[in-house]
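K.L.:
Structure for the following, please:
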Amino acid sequence: MKLGAFSVSLAVKDIKASKTFYETLGFSVFAGEIENNYLIMKNEATLIGLFQGMFENNILTFNPGWDQNAQTVEQFDDVREIQKHLKSKDLLFASEIETTASTGPASFVVLDPDGNAILIDQHV
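P.N.:
Got it, this is the predicted structure:
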């Protein structure tokens, strides 16, 4: 199963302070809009999303169809196929894709055994 680009999405209290902190660690702004309370920071192939007021806990995020530079890759497993496979394994879902949409952007959230959220978020 190809899950795509990986990042950690952090729920932060002060996005400006978090931006400064991660810049000190060598990260730079890769995407996002601080005015809208989210930034994607990058250091080499490592991505960290900073999200203020958007969700309560940290999330592991995978983006099928993207590489670590948010560039579309030719071959990837569609998010709907990934969801179908994981549903067959009886995993716990926090949200699911409406199955009527057959292609394009979509996302779902599955929970690991400790309740940690894993977002599978396809943009292509």
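K.L.:
In a helix, Thr20, correct?
P.N.:
Yes: with the criterion set as DSSP: H, G, I helix; E, B strand; the rest coil, the secondary structure at Thr20 is a helix.
K.L.:
Tell me which residues are up against stretch 65-76.
P.N.:
2, 4-6, 30-31, 42, 45, 47, 63-64, 78, 122-124 (Cβ atoms under 8 Å, 6 or more residues apart in numbering). (Each C-beta comes from the backbone N, C-alpha and C, glycine too.)
K.L.:
So which elements touch the helix or strand hosting Lys84?
P.N.:
For Lys84, the element it lies in under DSSP states H and E is helix 79-87. Where contact means 3 or more Cβ pairs under 8 Å, 6 or more residues apart in numbering; DSSP states H and E, helix 79-87 is packed against strand 106-111, strand 117-122.
K.L.:
And stretch 34-45, what's buried?
P.N.:
38-42 (16 or more other Cβ atoms under 10 Å).
K.L.:
ditto for stretch 6-20
P.N.:
7, 9-10, 12, 15, 18-19.
K.L.:
mind checking which of the helices and strands packed on helix 79-87 is nearest Glu96?
P.N.:
strand 106-111 (5.1 Å; Cβ to Cβ).
K.L.:
The closest one pairs with which strands?
P.N.:
strand 92-95 (antiparallel), strand 117-122 (antiparallel) (DSSP bridges).
K.L.:
Can you tell me which of the helices and strands packed on helix 79-87 is nearest to Glu56?
P.N.:
strand 117-122 (9.4 Å).
K.L.:
Just to be sure, which of the buried residues of stretch 6-20 are found in strands?
P.N.:
In this view, these that belong to strands under DSSP state E are 7, 9-10, 12.
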